[in-house]
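model this:
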Amino acid sequence: MTATPLSEDSFRHEHARLVAILTCDLGIRHLADVEDAVQAAMLSAVERWPLRGTPENPSAWLYRVARNHLLGNLRKTSRRRQVLQNDYAKTIDSNRSDGSADDDEQTRCLLRMLFLCCDEVVPEESRLAFTLKTLCGFSVKEIAVRLFTNDENIYKRISRAKASLSQTRLVDAELSTENFMNRMPSVRRVLYLMFTEGYLSIDAESSIRSELCDEAIRLALVLASHRDGEHPETSALIALMLLNTARLNGRQDHAGGLLLLEEQDRTKWDQELIAQGMHWLKKSSTGEHFSRYHCEAGIAAAHCLSPSFTETRWDDIVKNYSVLASFVDVPVHRLNHALAIAENDGPAVGLEFLKLYQPPSWLAGSYMWSAVSADLYFRCGQQQMAIEFYETAIATAPTAAIGKLIQRRFDYTCLLTRVRTPPSD
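Numbering: from 1, shown residues only. The predicted model follows:
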């Protein structure tokens, strides 16, 4: 036994791993039992490890406790006969009694769960919420923010997904090519959101969660290696993940605070990851298929290949955002588009572009809309309007780290525009 406990991020990873493996064994109908068992194992670890030390193999320990809890509950319920008839208990006991599923098996289970969660029987709006909660370990609040809705709607979506899957059995047979391709867009979307949460998290304790970025990349690479998974859109998704991950080391200061793009030390950007990202971007260009991920990878590439902030090819970035708008109507992209226009054509043009857009209600009062509006109004010399938006941005920031980043942006813009009087508290 050792004295070092698992971090919260490690617990999240273990949660996804255990849910995937045990559900692969038992089937989706027993998902609630699996989740209860995994939760019990996690709680047991939180209670015991600080007192007795962390086991030499934490993953195996968690698996054994979850398995024993699961089998104990199943044997007590009315489903005992069904469980024994299908020999599930024997399967669990014989396959992984030591919890030592290898990496390939774990990845296989995770991918199978991803595609199961994106089954056509699940309402489309419920697939993402259900997968992010069940398999990725996101909280309801995190999902609500990422999907631009409220907690109540997320609870409803997850419930609908569970109801839809209640009669589905997860079997060992591989998905048909048709099923695989039908579910692929939803799977890519889940991986994209997993990466997004890692790149700029709304978690109160950690503004960057690199383990989520790494997991999204790993699963995307496995997806691309599947017999039906080699697709330009998947390659573009991998490219944008790698290119953005390459910049992570430069996005925080020594104290862990977020830095503005113009403040970042580009020598800290990972050149090897940039090279890998460019390889996948080139790979994504085969054929005539073009997607939103191609646009976003192109934007990330423009930043990575620029020697400095002032030498950034903002014209290329503006073009990519214009094309992106034709693929998907994501209001947040409008904000980034406006900022790119401001850098390329001047803040007045960027502000005019933003003012022509009628934001949805959830965005109009958000920190994102307010922060960008404050920045552009300041740069256009309209200080009073800017201060009002700035105060809203600070008040609605979901975490302290994001609030501090908004403050940095305000201070930086004040310096550029020679505004020396800060807004009142």
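
Outline the domain layout of this structure.
With domains defined by automatic domain parsing, the chain comprises 183-328, 345-425.

Let me have those in a markdown table, adding mean neighbour count and mean pLDDT as columns.
C-beta: built from backbone N, CA, C; applies to glycine. Putting the domains of the chain into a markdown table (neighbours: other Cβ atoms under 10 Å; pLDDT from 0 to 100) gives the following:
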| stretch | mean neighbour count | mean pLDDT |
| --- | --- | --- |
| domain 183-328 | 18 | 88 |
| domain 345-425 | 17 | 85 |
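
Reformat those as TSV; add distance to Val46.
Compiled in TSV, the domains of the chain are given as follows (distance: least, Cβ to Cβ, whole Å):
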stretch	distance to Val46
domain 183-328	16
domain 345-425	23
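
between these, which gets nearest to Val65?
Of all the domains of the chain, domain 183-328 sits nearest to Val65, with 22.3 Å by Cβ to Cβ.

That closest one spans what distance, first to last residue?
For domain 183-328, the first and last residues are 18 Å from each other (Cα to Cα, to the nearest Å).

roughly how far apart are Lys156 and Asn73?
In this structure, Lys156 and Asn73 are separated by 27 Å, where distance is defined by Cβ to Cβ, to the nearest Å.

Pick out whichever of the two has more residues nearby.
Asn73 (17 against 14; other Cβ atoms under 10 Å).

my read: Arg67 touches Leu22, true?
Yes - with contacts defined as Cβ atoms under 8 Å, Arg67 counts as touching Leu22 at a distance of 7.1 Å.

How about the most centrally placed residue in the chain: what's its closest non-neighbour residue?
In the chain, the residue lying closest to the centroid (Cα atoms, centre = their mean) is Met194, at 1.9 Å. The spatially closest residue to Met194, leaving aside those adjacent along the chain, is Ala216, at 4.2 Å (Cβ to Cβ, 6 or more residues apart in numbering).

Help me confirm that that neighbour comes into contact with Arg189.
No - under the criterion of Cβ under 8 Å, Ala216 is not in contact with Arg189, lying 11.4 Å apart.

Can you list the helices and strands that the helix or strand harbouring the residue nearest to Met194 packs against?
Under the criterion of DSSP states H and E, Ala216 resides in helix 210-225. Helix 210-225 is packed against helix 8-26, helix 103-117, helix 177-199, helix 232-245, with contacts defined by 3 or more Cβ pairs under 8 Å, 6 or more residues apart in numbering; DSSP states H and E.

would you list the ones you listed in TSV and tack on distance to Tyr293?
Supplementary listing: these in TSV, determined by distance: least, Cβ to Cβ, whole Å:
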stretch	distance to Tyr293
helix 8-26	23
helix 103-117	17
helix 177-199	7
helix 232-245	4
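
closest to Leu261 out of those?
Between these, helix 232-245 lies closest to Leu261; by Cβ to Cβ that is 11.8 Å.

Past that closest one, which element shows up next along the chain?
On the C-terminal side of helix 232-245, the closest following helix or strand by DSSP H and E is helix 271-284.

Packing partners of the next helix or strand after that next one?
Next along the chain after helix 271-284, taking DSSP H and E as the criterion, comes helix 292-304. Under the contact definition 3+ Cβ pairs under 8 Å, 6+ apart, helix 292-304 sits against helix 232-245, helix 271-284, helix 314-327.

elements contacting the first one?
The criterion is 3+ Cβ pairs under 8 Å, 6+ apart, and the helices and strands that helix 232-245 contacts are helix 177-199, helix 210-225, helix 271-284, helix 292-304.

now the ones you listed in a markdown table, with distance to Gly256?
Putting those into a markdown table (distance: least, Cβ to Cβ, whole Å) gives the following:
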| stretch | distance to Gly256 |
| --- | --- |
| helix 177-199 | 15 |
| helix 210-225 | 12 |
| helix 271-284 | 21 |
| helix 292-304 | 22 |
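
To Ile394, which of those helices lies closest?
Of all the helices and strands packed on helix 232-245, the one in closest proximity to Ile394, counting by Cβ to Cβ, is helix 177-199 (21.9 Å).

and that closest one, what does it pack onto?
Packing partners of helix 177-199 (3+ Cβ pairs under 8 Å, 6+ apart): helix 103-117, helix 124-134, helix 140-146, helix 210-225, helix 232-245.

Determine which of these approaches Ser284 most closely.
When the helices and strands packed on helix 177-199 are compared by Cβ to Cβ, helix 232-245 sits nearest Ser284, at 3.7 Å.

and the nearest residue to Cys24 once chain neighbours are set aside, how many neighbours does it have?
Spatial nearest neighbour of Cys24, excluding adjacent residues (Cβ to Cβ, 6+ apart): Cys109 at 4.4 Å. The number of residues packed around Cys109, counting by other Cβ under 10 Å, is 23.

now the end-to-end length of stretch 251-259.
5 Å.

surely His13 meets Asp214?
No - counting by Cβ under 8 Å, His13 stays clear of Asp214, with 9.6 Å between them.

can you give me phi and psi for the residue nearest to Leu273 when sequence neighbours are not counted?
Across the structure, with Cβ to Cβ, 6+ apart as the measure, the residue nearest Leu273 apart from its sequence neighbours is Ala246 (3.7 Å). In this entry, Ala246 is assigned phi and psi values of phi -60, psi -20 (degrees, to the nearest 10).

and Ala246, what does it touch?
With Cβ atoms under 8 Å, 6 or more residues apart in numbering as the criterion, the residues that contact Ala246 are 269-271, 273-274, 277, 304.
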